[in-house]
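> no FASTA, just this:
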């Protein structure tokens, strides 16, 4: 989710975050964390190979709405003895497909990643559901 933050939000977080090591693989330096976040933004997928818990591996992919904004993430985790790196990469394809399907249900364009969203000049598709009216435009809101 850090990769989905706007630059000023990420900087605000990094100024206050205490990067504690949970395992020998934990990222505890701000520069290294920034590099990891940039790689996640570029790839559109995040892996955890024992960084939080030495016995777990995880993969996560963002879920987007019709505006291209990240509204959540979907991922899997499992023990290292069940999720070898090769198995994790294969499962990552399933997670990506699930995130793509869920994002499409929210009206996101196919194949939209964080990097490509920034290059888009405008949204070129219609949302899968009608936009909700603003609260102050409802007649009963004008009491």
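Right, received. Where do you want to start? All figures in this text were calculated on a predicted structure; none of them were measured in a lab.
> buried set for the top helix by length along the chain?
The longest helix of the chain (DSSP state H) is helix 85-105. Going by neighbour count (16 or more other Cβ atoms under 10 Å), the buried part of helix 85-105 is 88, 91, 92, 95, 99, 100, 102, 103. Where C-beta positions appear, they are placed from N, C-alpha and C, glycine not excepted.
> Of those residues, just say which sits nearest to residue 41.
Taking Cβ to Cβ as the measure, residue 41 lies nearest residue 99 of the buried residues of helix 85-105, at 15.1 Å.
> and the longest helix of the chain, what does it pack onto?
Packing partners of helix 85-105 (3 or more Cβ pairs under 8 Å, 6 or more residues apart in numbering; DSSP states H and E): strand 46-49, strand 56-64, strand 70-79.
> ok, and the closest non-adjacent residue to residue 10?
residue 2 (6.4 Å; Cβ to Cβ, 6 or more residues apart in numbering).
> what's the neighbour count on that neighbour?
Using other Cβ atoms under 10 Å, residue 2 has 16 other residues around it.
> thinking again about what came up before, now the two most distant members of the buried residues of helix 85-105.
Every pair of the buried residues of helix 85-105 checked by Cβ to Cβ; the farthest is 88 and 103, at 21.3 Å.
> Might you report the residue contacts of the residue positioned nearest the centre of the chain?
Geometric centre of the chain, nearest residue: residue 62, 3.2 Å, by Cα atoms, centre = their mean. Applying Cβ atoms under 8 Å, 6 or more residues apart in numbering to residue 62 gives the contacts 3, 4, 44, 70, 72, 73, 99, 103, 114.
> Tell me how far it lies from residue 50.
22 Å (Cβ to Cβ, to the nearest Å).
> picking up where we left off before, out of the contacts of residue 62, which end up buried?
Buried by 16+ other Cβ under 10 Å: 3, 4, 44, 70, 99, 103, 114, out of the contacts of residue 62.
> Just flag the most distant two among those residues.
Pairwise over these, using Cβ to Cβ, the maximum falls at 3 and 103, 15.3 Å.
> The nearest residue to residue 71 once chain neighbours are set aside and residue 49, how far apart?
Counting by Cβ to Cβ, 6+ apart, residue 71 lies nearest to residue 65, which is 4.9 Å off, once chain neighbours are set aside. Distance from residue 65 to residue 49, counting by Cβ to Cβ: 29 Å.
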